[in-house]
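Visitor: make a model of this:
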Amino acid sequence: MRFVRQTLVGVLIVALSLGMLIYAGAAVRDAVQAKLAEEPRAQQPRERVFAVNTVRASLGTETPDLIAFGQIQSRRTLELRAAASGRITNLSPDFVEGGAVRTGEVLMQIDPAESQAALDRVQSDLLDAQAEVRDADRARTLAVDELAAAQDQARLRDSALARQQDLSARGIGSAAAEETAELSAASARQAVLSRRIALAQAEARIDQAATRLARARIALTEAERDLADTRVTAEFDGTLSNVTLVQGRLVSSNEKLADLIDPHQLEVAFRVSTVQYSRLLDGSGRLIAAPVSVSLNDRVSGLTATGVLSRDAALAGEGQSGRLLFARLDAAPGFKPGDFVTVRVQEPPLDRVARLPASALDASGTVLVLGEDERLEVIDVALMRRQGDDVLVRGRGLDGRDVVVARTPLLGPGIRVRAVREGAEQAPAPPAMLQLSDERRARLVAFVEQNNRMPSEAKQRVLTQLGQTQVPAQLVERIESRMGG
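Guide: Below is the predicted model:
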């Protein structure tokens, strides 16, 4: 009995298996026949929509910055040189690299022994010259007195001669007496002439003494200057640089010892192109006093300073291009001569320009803007300035338009886009909707109704959406992909 029961169960299982295989084969056959019986449907192409970032162009007044690179230098620098030769006997503690000195401070002293001895000799010569002047004055006074005495004696001799001649005329005097009187008068006149010569010599001695005194004073001035040249003093408050001196060293005349730099009067020298230079000129062709800001290239230091344009170089420079400009700096703590800095010069303001990202402008000077129906249009603009990653442009019909930030080869006039505006939260875009034809709608509805694997609730929701005038494009695409059309 057990054998019969197991046999009947096996036969039943085999029969059920055969029946299921036959049912599956029939289902596959019906599906293939239905597929072959369907007419081929051409899927309608849909326009591709690109998402682009846009920015609103607003015309206004912009102040562009001219960026250049320059070097800090001092407007007042003094080379310290030895005016005399000798050994260094005294050196200031501040006479070191980076030492701060005050005005009038004695920085170093060369051995003054020889200069001091020369000064003492000149002072002695000056005393001799002054004594000679006094002696010459006294000698002249005596010569004047002697001349006056000789003149008086000559007048007496002349009177005696006249009296003797009168006696001789009356026959009282003798010829010998008259001759003696004439000789005495001639001798008196000769004495007057000698006294005049002596007076002239005394006056010449006075002139020679005055000349000797002037020379002595000149020599004294030179000796004092030579003695002063043995000391080097600070002409102004500043800092020492390039110091090459130690105490006890022998220095030669005109040897460079150090540089004295004023750290409070700094300026920056930088070179710009000829076009940039022309923007910094006024109507008369003179350089404007444009504000300037400088900063060290070291991002960590954060040292900045302000100033104003002061002048430009007289020559362009051999082998150089553009123009060399100088800007006077205000208080610039932390800056040192020789620093390589970034210079920003404020150019005159520009009216009716828009600031846009540099990627929005192409090589032909055009930008893409949003037009009607979210399609792109091309606008010609004039590039006014480049400001880092931005550009300042001016164009007709640009004000208030949405400009595409980044240009790509896929974008061009007439392309439909979806704008993603910068600086604002974007609302989710509504789903794309399609308006179906009756034939296409009927095929979709028939496919959904024949789908037995779809739950009834989902099938009812899809049929409801297919029955509307506008059907979501994503739903239509998903159904047609399952249909294989």
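Visitor: export stretch 309-316 as PDB, just CAs?
Guide: Extracted in PDB, the C-alpha atoms of stretch 309-316 (Å, rounded to 0.1, in the frame of the first residue of the first chain):
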ATOM      1  CA  LEU A 309      52.000 109.000  -6.000                       C
ATOM      2  CA  SER A 310      54.700 111.700  -5.900                       C
ATOM      3  CA  ARG A 311      56.700 111.600  -9.200                       C
ATOM      4  CA  ASP A 312      57.900 109.500 -12.100                       C
ATOM      5  CA  ALA A 313      61.400 108.900 -13.400                       C
ATOM      6  CA  ALA A 314      62.800 111.300 -16.000                       C
ATOM      7  CA  LEU A 315      64.000 108.500 -18.200                       C
ATOM      8  CA  ALA A 316      62.400 105.300 -19.300                       C
END
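Visitor: residues in contact with that stretch?
Guide: Applying CB atoms under 8 Å, 6 or more residues apart in numbering, the contact partners of stretch 309-316 are 267, 277, 280, 287-290, 292, 322-328, 345. Using the backbone N, CA and C atoms, a C-beta is placed for each residue, glycine as well.
Visitor: those residues in strands, which ones?
Guide: 267, 292, 323-328, 345 (DSSP state E).
Visitor: in TSV, list the residues you listed along with pLDDT, neighbour count and distance to S168.
Guide: As requested, the ones in strands among the contacts of stretch 309-316 are arranged in TSV below (pLDDT from 0 to 100; neighbours: other CB atoms under 10 Å; distance: CB to CB, whole Å):
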residue	pLDDT	neighbour count	distance to S168
E267	94	22	102
V292	94	27	110
R323	91	20	106
L324	93	18	104
L325	94	26	106
F326	95	19	102
A327	94	25	107
R328	93	16	102
V345	93	25	113
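Visitor: greatest separation within the residues you listed: which pair is it?
Guide: Farthest apart among these by CB to CB are R323 and R328. That separation is 16.8 Å.
Visitor: SS state for V32?
Guide: Under DSSP: H, G, I helix; E, B strand; the rest coil, V32 falls in the helix class.
Visitor: burial count for it?
Guide: V32: 10 surrounding residues under other CB atoms under 10 Å.
Visitor: one more: S273?
Guide: Neighbours of S273 under the rule other CB under 10 Å: 13.
Visitor: how about R140?
Guide: With other CB under 10 Å as criterion, R140 counts 19.
Visitor: sec struct for it, please.
Guide: Note that with three-state DSSP, the state of R140 is helix.
Visitor: and it, what is it in contact with?
Guide: By CB under 8 Å, 6+ apart, R140 lies in contact with 199, 202-203, 205-206.
Visitor: likewise A360?
Guide: A360 sits next to 55, 367-368, 391, 403-407 when contact means CB under 8 Å, 6+ apart.
Visitor: can you turn the buried part of those residues into a PyMOL selection?
Guide: Of the contacts of A360, the buried ones can be selected in PyMOL as follows, counting by 16 or more other CB atoms under 10 Å:
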select buried, resi 55+367+368+391+403+404+405+407
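Visitor: ok, back up a step: mind putting the ones in strands among the contacts of stretch 309-316 into a markdown table with distance to T77?
Guide: Formatted as a markdown table, the ones in strands among the contacts of stretch 309-316 follow (distance: CB to CB, whole Å):
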| residue | distance to T77 |
| --- | --- |
| E267 | 11 |
| V292 | 21 |
| R323 | 23 |
| L324 | 18 |
| L325 | 19 |
| F326 | 14 |
| A327 | 17 |
| R328 | 15 |
| V345 | 24 |
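Visitor: list just the nearest of the residues you listed to S273.
Guide: Using CB to CB, the shortest approach to S273 within the ones in strands among the contacts of stretch 309-316 belongs to R323, at 8.0 Å.
Visitor: quick check: beta-bridge partners of the closest one?
Guide: V272 (DSSP bridges).
Visitor: per-residue confidence for P40?
Guide: Looking at P40, its pLDDT stands at 55.
Visitor: check L167 too.
Guide: Listed pLDDT for L167 reads 71.
Visitor: any weak-confidence spans in the chain?
Guide: Scanning the chain for pLDDT under 70 picks out 1, 35, 37-46, 171, 173, 297-302, 422-431, 484-485.
Visitor: so who does the residue nearest the centre of it touch?
Guide: With the centre of the chain defined as its mean C-alpha position, the nearest residue by CA atoms, centre = their mean is V343, 3.6 Å away. Contacts for V343 (CB under 8 Å, 6+ apart) come out as 67-70, 268, 270, 292-294, 327.
Visitor: give me the element it is part of.
Guide: V343 is located in strand 340-346, with elements delineated by DSSP states H and E.
Visitor: so the residue nearest to the centre of the chain bridges to which residues?
Guide: Bridge pairing for V343 - DSSP bridges - gives A68, V294.
Visitor: cool, and V393?
Guide: Bridge pairing for V393 - DSSP bridges - gives A354, L383.
Visitor: surely it and P357 touch.
Guide: No: using CB atoms under 8 Å, V393 is not in contact with P357; the gap is 10.7 Å.
Visitor: tell me which of those two has more neighbours.
Guide: Per other CB under 10 Å, whichever of V393 and P357 has more neighbours is V393, with 24 against 16.
Visitor: now that one: how far from R401?
Guide: Distance of V393 to R401, given as CB to CB, to the nearest Å: 12 Å.
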